[in-house]
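Visitor: one predicted model, sequence on top.
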Amino acid sequence: MRRKQAQLRLSTAKKTIPDQEHVGTGSRGNSLHPDCRRTTYSKSDDIPSRQGNKERRIRMFDRISDNMKKRMTYLEEIDRKDREDGTPRLQRLRQIPPETGKFLALIASNCPQGEFIEIGTSAGYSTLWISLACMERNIKIKTFEILSEKVKLAEETFKQAQVNDYIELTEGNALEYLNSIENIAFGFLDAEKEVYEKCYDFVIPRLVKGGVLIADNAINHYEKLKPMIEKALNDERVDSLVVPVGKGELVCRKK
């Protein structure tokens, strides 16, 4: 009698197991094992919220469009030739390497709310990298360039890369405009080395708590920038260090 009851329960259980074609599938449409009732997701997908809504997040570096990549490659090639053929210093782009661009974008994306600024646009290469963080926040970076020929190159860069919605370019001396900018969350300094310390003195008081100022060339131009670097490393208002990325980045975070 007990054996018949066990067989009956087993037969009933088999009937309740759904066919594989009716079992829930993963986000890529892969069928699961018939005994598995949960939905699976690929590593590139986000886990859905408790309400069942599923949003796909875009990785920051995936926001580099074909047009942006094309312009970046073009500027990288010009910069390489400038360094090899003896182009006069002020005419060279003197831009950051790609690894520094990624570093800037990552730091900027984790800064608090506030203004984004850049002192020294050149042809707009570094601005493109920082704009990736601006896209995530739907804000504009305010970038300043004093040389007219570089401004024209930057305008061409932003137009071709289709990022004008995230960049505000101003031609002129940044020091003449910084007084009107408060609540700075992120700043990048890559200008003539003679003005670094003065820019530092303008920006640091205007940083929000947790805001970051990054200055380029902290290693390859260390001797020229040593007074400003030492000032930053001993400034009680900020936590600072020199990061060995690219040409060396002085990173200062407001306490």
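Guide: That came through fine. Note that the structure is a prediction, hence the values are computed from the model and not measured. Residues are numbered from 1 along each chain as shown.
Visitor: now do the strands in the stretch 151-255 of the chain.
Guide: According to DSSP state E, counting those that start in this stretch, the stretch 151-255 of the chain carries its strands in the segments 167-171, 184-189, 207-215, 238-243, 249-254.
Visitor: packed most tightly, which of these would that be?
Guide: Neighbour counts (mean count of other Cβ atoms under 10 Å) averaged over each of these peak at strand 184-189, with a mean of 26. For the C-beta atoms, the positions are set from N, CA and C on the backbone; glycine is no exception.
Visitor: how far off strand 249-254 does it point, in degrees?
Guide: In terms of direction (axes from the mean of the first three to the mean of the last three Cα atoms, to 10 degrees), strand 184-189 departs from strand 249-254 by 160 degrees.
Visitor: what residues does strand 184-189 touch?
Guide: Contact partners of strand 184-189, identified using Cβ atoms under 8 Å, 6 or more residues apart in numbering, comprise 104, 107-108, 111-120, 126, 130, 133, 196, 199-200, 203, 206-208, 210-216.
Visitor: dump the C-alpha coordinates for that strand into PDB.
Guide: Provided in PDB are the C-alpha atoms of strand 184-189 (Å, rounded to 0.1, in the frame of the first residue of the first chain):
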ATOM      1  CA  ILE A 184      33.900  73.500  -7.900                       C
ATOM      2  CA  ALA A 185      33.700  69.700  -7.700                       C
ATOM      3  CA  PHE A 186      36.400  68.900 -10.200                       C
ATOM      4  CA  GLY A 187      39.200  70.900 -11.800                       C
ATOM      5  CA  PHE A 188      42.000  70.000 -14.200                       C
ATOM      6  CA  LEU A 189      45.000  72.200 -14.500                       C
END
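Visitor: now that strand: average pLDDT?
Guide: Confidence over strand 184-189, taken as the mean pLDDT, stands at 98.
Visitor: repeat that for stretch 150-159.
Guide: Averaged across stretch 150-159, the pLDDT comes to 97.
Visitor: residues of that stretch that come out buried?
Guide: In terms of neighbour count (16 or more other Cβ atoms under 10 Å), stretch 150-159 has its buried residues at K150, V151, L153, A154, E155, T157, F158.
Visitor: I'd like those laid out as a markdown table, including distance to S65.
Guide: Putting the buried residues of stretch 150-159 into a markdown table (distance: Cβ to Cβ, whole Å) gives the following:
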| residue | distance to S65 |
| --- | --- |
| K150 | 23 |
| V151 | 23 |
| L153 | 19 |
| A154 | 18 |
| E155 | 18 |
| T157 | 13 |
| F158 | 13 |
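Visitor: those in helices, which ones?
Guide: The members of these that map onto helices under DSSP state H are K150, V151, L153, A154, E155, T157, F158.
Visitor: quick one: contacts for the nearest residue to F103 once chain neighbours are set aside?
Guide: Using Cβ to Cβ, 6 or more residues apart in numbering and skipping residues adjacent in sequence, the residue nearest F103 is V245, 4.9 Å away. Contacts for V245 were tallied using Cβ under 8 Å, 6+ apart; they are E99, T100, F103.
Visitor: quick revisit: with distance to R63 added, can I get the strands of the stretch 151-255 of the chain in a markdown table?
Guide: Rendered in a markdown table, the data for the strands of the stretch 151-255 of the chain read as follows (distance: least, Cβ to Cβ, whole Å):
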| stretch | distance to R63 |
| --- | --- |
| strand 167-171 | 14 |
| strand 184-189 | 17 |
| strand 207-215 | 20 |
| strand 238-243 | 24 |
| strand 249-254 | 22 |
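Visitor: let's see which of the contacts of strand 184-189 end up in helices.
Guide: Assigned to helices by DSSP H, the following of the contacts of strand 184-189 qualify: L104, I107, A108, S126, I130, A133, Y196, C199, Y200, V203.
Visitor: between those, which is nearest P227?
Guide: The shortest approach to P227 among the ones in helices among the contacts of strand 184-189 belongs to Y196, at 9.1 Å (Cβ to Cβ).
Visitor: the closest one: neighbour count?
Guide: Burial measure for Y196: 26 neighbouring residues, criterion other Cβ atoms under 10 Å.
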